[in-house]
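In: take this sequence and fold it.
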Amino acid sequence: MSECIFCQIIRKEAPASIVYEDEQVVAFLSNRPVNVGHTLVAPKKHYVNIYEIPEEEAAYLFRIVKRIAHAVNDAIGVEGIRIVQNNGEAAGQVVFHLHVHVIPMKPYSQFRHENGFRALDLLEKDAEKIRKHL
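Out: So this is what the prediction gives:
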């Protein structure tokens, strides 16, 4: 999947602020975050959506999602974490490589990308905070 931006990130052909990586999964900050600390967790193998990934790999992916959620919560200091996984364009999926959003939420914060893209240097600072809690 040479055209998939997440596959490019996994192969280190595209920049990303990686907060966690192992042989099966990578977690990196969204460059278009809903809130600071918005992290994406994706399997390294390319699956378009939840329907394609084997159950064992999905279970592992969500174990890592839980770890990332704890780290984001501890690093950012928010009152809630939203876990989102979209399947298909109608559900809001934009990048067609299976991934899970770990989104820090404050009371009454809205689920929008109004702030636009976050600069890479700021993403790296955010990523360092999260890595310290893993």
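In: the residue positioned nearest the centre of the chain: which element?
Out: Nearest to the geometric centre of the chain sits residue 40, at 0.5 Å (C-alpha atoms, centre = their mean). Using DSSP states H and E, residue 40 sits in strand 39-43.
In: just checking, what packs against that strand?
Out: Applying 3 or more C-beta pairs under 8 Å, 6 or more residues apart in numbering; DSSP states H and E, one finds that strand 39-43 makes contact with helix 5-10, strand 25-29, helix 55-76, strand 100-105. (Glycine included, C-beta is placed from N, CA and C.)
In: hey, which helix or strand in this structure has the poorest pLDDT?
Out: Using mean pLDDT, DSSP states H and E, helix 120-131 stands out as the lowest-scoring helix or strand of the chain, at a mean of 84.
In: list the helices and strands that helix packs on?
Out: Using 3+ C-beta pairs under 8 Å, 6+ apart: helix 120-131 touches strand 18-21, strand 25-29, helix 55-76.
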